[in-house]
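Participant: Fold the following and give me the result.
(one chain, ligands or ions: 1)
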Amino acid sequence: MGAVTEASLEVSGLAFAYPDGHQALFGVDFRIERGERVALLGPNGAGKTTLVLHLNGILGGGTGSVRVAGLPVDRANMAVVRRKVGIVFQDPDDQLFMPTVREDVAFGPAAAGLKGAELEARVERALEQVGMAAFTDRPPHHLSFGQRRRVAVATVLAMEPEILVLDEPSSNLDPASRRELADILRSLDVTVLMVTHDLPYALELCPRALVLSEGVIAADGHTGALLSDEALMRAHRLELPFGFDPRSVATGA
Ligand SMILES: Nc1ncnc2c1ncn2[C@@H]1O[C@H](COP(=O)(O)OP(=O)(O)OP(=O)(O)O)[C@@H](O)[C@H]1O
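Facilitator: Below you'll find the predicted structure:
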């Protein structure tokens with residue numbers, strides 16, 4: 001396979017209806033290249049979560065295809081795909097359940113067969129990447145919310161994913177923790193897809209954004225340009241904070 005030209009993520013004609021018949025996705029197409037940071041924007045109910053749950057095969061059975069690093073997300077590839085797509089859920093407590101930070105971060109790689117010094121090095125590196133190396137032996141429930149979110153990111157980084165998917169990464173963070181997480185995400189050498197309603201955060205971190213609305217991609221382009229398009233914003237119920245000028249931010253730097 002031509003690994004060099006493969007996209008990190010390629011979604012083609014993805015359509016999906018829930019078992020109750022509610023159609024959430026109506027033919028979604030986009031491609032994310034290796035190393036890009038892309039924001040997935042859209043109003044409540046647009047289909048963002050439904051889309052994300054297709055990226056590692058939690059949801060399936062619709063039509064169209066999802067490929068991660070060229071590999072189709074299907075039953076046969078599920079174990080590999082789950083390692084390649086790291087999803088950080090909105091609530092870190094959904095991801096942290098072991099007695100110590102070390103055990104939480106080691107959990108995934110250990111289940112994938114890593115042990116001994118190799119496992120220890122993997123854990124150490126992931127915790128260093130999120131600035132949490134000093135907390136290795138602490139119980140996660142003794143950490144602040146912002147620290148727990150960083151550990152949740154580490155649990156996913158420890159799997160060395162092809163693509164890091166973050167669901168509302170800035171939610172419930174104070175301004176300092178928000179900025180620290182932005183610095184961490186910027187420093188990572190990994191493809192990022194970030195689902196967020198925090199439009200200034202999207203602008204700050206992601207040079208490119210997708211707008212998902214009523215189950216289709218309504219716009220795909222430069223984040224600053226999309227957020228400056230008042231008609232587009234209005235049409236898809238996207239609102240910037242009062243007084244915020246997207247043209248005043250150096251996007252994705
Ligand atoms: N289990 C389900 N069964 C039936 N319909 C569902 C189910 N889960 C979600 N939906 C519907 O699918 C549509 C897309 O929902 P989804 O959660 O993907 O949107 P979202 O963009 O993530 O929204 P939000 O910003 O509120 O998180 C909505 O109309 C929702 O009501």
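
Participant: Regarding L166, what is its secondary structure?
Facilitator: strand (DSSP: H, G, I helix; E, B strand; the rest coil).

Participant: any idea how far it is from G35?
Facilitator: Distance from L166 to G35, counting by Cβ to Cβ, to the nearest Å: 16 Å. No exception for glycine: its C-beta is placed from N, CA and C like everyone else's.

Participant: Between these two, which has more neighbouring residues?
Facilitator: Taking other Cβ atoms under 10 Å, L166 and G35 do not tie; L166 has more neighbours (26 against 11).

Participant: Give me the distance between that one and H22.
Facilitator: 26 Å.

Participant: again with G57
Facilitator: 20 Å.

Participant: what's the offset of stretch 92-99 from the middle of its chain?
Facilitator: 18 Å (Cα atoms, centre = their mean, to the nearest Å).

Participant: Pretty sure N172 is one of the things R178 touches, is it not?
Facilitator: No. At 9.6 Å, R178 and N172 do not qualify as touching, with contact defined as Cβ atoms under 8 Å.

Participant: Looking at these two now, which is surrounded by more residues?
Facilitator: R178 (18 against 13).

Participant: Enumerate every residue touching the residue nearest the centre of the chain.
Facilitator: Centroid-nearest residue in the chain, with Cα atoms, centre = their mean: V165, separated by 1.5 Å. Residues counted as contacts of V165 (Cβ atoms under 8 Å, 6 or more residues apart in numbering) are V52, L55, V85, G86, I87, V88, V192, L193, M194, V195.

Participant: Same question for T100.
Facilitator: T136, D137, R138, P139, P140 are the contacts of T100 under Cβ under 8 Å, 6+ apart.

Participant: how about TSV for the residues you listed, with neighbour count added?
Facilitator: Formatted as TSV, the contacts of T100 follow (neighbours: other Cβ atoms under 10 Å):
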residue	neighbour count
T136	17
D137	10
R138	16
P139	14
P140	23
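
Participant: List just the nearest of those to the ligand.
Facilitator: P140 (24.8 Å; Cβ to the nearest ligand atom).

Participant: Who are the packing partners of the helix or strand of the chain with the lowest mean pLDDT?
Facilitator: Using mean pLDDT, DSSP states H and E, helix 78-84 stands out as the lowest-scoring helix or strand of the chain, at a mean of 93. Counting contacts by 3 or more Cβ pairs under 8 Å, 6 or more residues apart in numbering; DSSP states H and E, helix 78-84 packs against strand 71-72.

Participant: residues in contact with the strand it packs on?
Facilitator: S65, V66, N77, V80, V81, K84.

Participant: Let me see the contact set for the residue nearest to the fifth one when sequence neighbours are not counted.
Facilitator: To tie it back to what came earlier, the one meant is V81. Sequence neighbours aside, V73 is the residue nearest to V81 in space, at 5.0 Å (criterion: Cβ to Cβ, 6 or more residues apart in numbering). By Cβ under 8 Å, 6+ apart, the residues touching V73 are H54, L55, N56, G57, G60, S65, V66, R67, V81, V85.
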